[in-house]
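Enquirer: Okay, predicted coordinates and the sequence, questions at the end:
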Amino acid sequence: MRLVFPWILAVFSPVCSANKVEGNASGPIVESGHENFNPRHTQDHHYRFLEANYQNSCDSLTVSQCCVGTNTAGEEACHGAGTNGEFQVDTGSCLGGFACYNAGKDGSPKIGKGSCIDTCSNLGSYGGSAIIDDGSCSGIASCSDAGRNGNLTVGNKSCIGDWSCYKSGINSQKSVVFGDDVCNGREACKTSLSPLRDIVIEDGSCHGKNACHDIGRSDANDVAN
C-alpha cells in the first residue's frame, strides 16, 4: 500500500499486528493495519484582520460556504485565523462558532473541503503548519491545537470523533502524517507526536476509542508489522 503526499512517498507493509520494539530514534514511527471500529457569513469585523485565502470563493457562496457560525462570545467562525500568518480554506469547511478559531495565527494551515466542523481552533498556529484534506476533523476539539508549533498532515475522512487528533504534532518540528480514513473514534490519535522522529499512520488504521492514543510519546518506536 502506498501513501503519497506531494513531498513524501512512503511504502508500507500490509501486515497488521502492532508490536513495540526498541530502536534508534532515526527512523519514522509507522502505524499500519486495521483495528476494529467497535447566520450566513457576512463581511464584518473579522475581515479587518483575517488574512485568508478562500478557495473557490467559499466566503461568498450561498451553498457550501466556509467560515460560518457565531460562538457564545459573538465571534464568527475563523475569528483570528491567519493573523500574521497564512490561512487557506475551501468550501464547506470551518463551520460552527468555534471552528478554525485562531487557526494559522502566526502559522500556515490549509484546509480542504468539508473539514473542521466546529473545531480546529489553533490549528497550525504559532509557527506551525497543517494540511487537512477533505471530510476530516469533526467532533468536539478534533484537530484543535494540532500542528501548533509543529507539522501535521491529515488525509481524507480522518480524525472523526470527539478529541480525535487533538494536539497531534504539537510543539515538534518532526512531521506527523495521518493517511486517509485513519484516527476515527473518540480520542483516536490524540496527542500523537514525537520530538525525535517522524510519525506516519497508514490508510485505514487506528479506528476505535483511544486508538493510537499518544503514539510516539515513548522512547521506543511503535511499529506495526
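Expert: Sure thing, it's come through. Residues are numbered from 1 along each chain as shown.

Enquirer: which stretches of this structure have low pLDDT?
Expert: Applying pLDDT under 70 to the chain flags residues 1-51, 218-225.

Enquirer: If we use 80, what do you get?
Expert: 1-51, 217-225 (pLDDT under 80).

Enquirer: Strands of that one, residue ranges please.
Expert: Using DSSP state E, the strands assigned to the chain run over residues 2-5, 8-11, 18-21, 29-31, 52-54, 87-89, 108-111, 129-132, 151-154, 175-178, 199-201, 221-224.

Enquirer: Now do the contacts for Lys105.
Expert: Each residue near Lys105 by CB atoms under 8 Å, 6 or more residues apart in numbering is listed here: Gly80, Ala81, Gly82, Thr83, Asn84, Gly85, Asn122, Ser125, Tyr126. Glycine gets a C-beta too; all of them are placed from N, C-alpha and C.

Enquirer: Can you say which of those are buried?
Expert: The neighbour-count criterion (16 or more other CB atoms under 10 Å) marks Gly80, Ala81, Gly82, Thr83, Gly85, Asn122, Ser125, Tyr126 among the contacts of Lys105 as buried.

Enquirer: Go ahead and confirm the fifth one touches Asn102.
Expert: So that's Gly85. No - counting by CB atoms under 8 Å, Gly85 does not reach Asn102; the two are 9.7 Å apart.

Enquirer: between the contacts of Lys105, which is nearest Gly114?
Expert: Proximity of these to Gly114 (CB to CB) peaks at Ala81, which lies at 17.3 Å.

Enquirer: Find residues that contact each of Gly85 and Asn102.
Expert: Any residue near both Gly85 and Asn102 by CB under 8 Å, 6+ apart counts here, and that gives Ser125.

Enquirer: residue contacts, Cys78?
Expert: Taking CB under 8 Å, 6+ apart as the test, what Cys78 contacts is His46, Leu50, Ala52, Cys66, Cys67, Phe87, Val89, Cys94, Ala99, Cys100, Tyr101, Ala103.

Enquirer: any idea how far it lies from Ile160?
Expert: 21 Å (CB to CB, to the nearest Å).

Enquirer: Kindly tell me how buried the closest residue in space to Gly80 that isn't next to it in sequence is, as a neighbour count.
Expert: Leaving aside its sequence neighbours, Gly80 sits nearest to Asn102 (CB to CB, 6 or more residues apart in numbering; 4.1 Å). Using other CB atoms under 10 Å, the number of residues around Asn102 comes to 24.

Enquirer: right, and Asn102 touches Ser125 too?
Expert: Yes - contact criterion CB under 8 Å: Asn102 and Ser125 qualify, at 5.8 Å.

Enquirer: Enumerate every residue touching Ile131.
Expert: Pro109, Lys110, Leu152, Thr153, Val154.

Enquirer: Contacts only, for the third one.
Expert: Counting by CB under 8 Å, 6+ apart, Leu152 makes contact with Gly124, Gly128, Ser129, Ala130, Ile131, Ala146, Ser168, Gly169, Ser175, Val176, Val177, Phe178.

Enquirer: right, and the first one touches Pro109 too?
Expert: Yes - assessed by CB under 8 Å, Gly124 is found in contact with Pro109 at 3.2 Å.

Enquirer: Who has more neighbours out of these two?
Expert: Higher neighbour count among Gly124 and Pro109: Gly124, with 34 against 31, using other CB under 10 Å.
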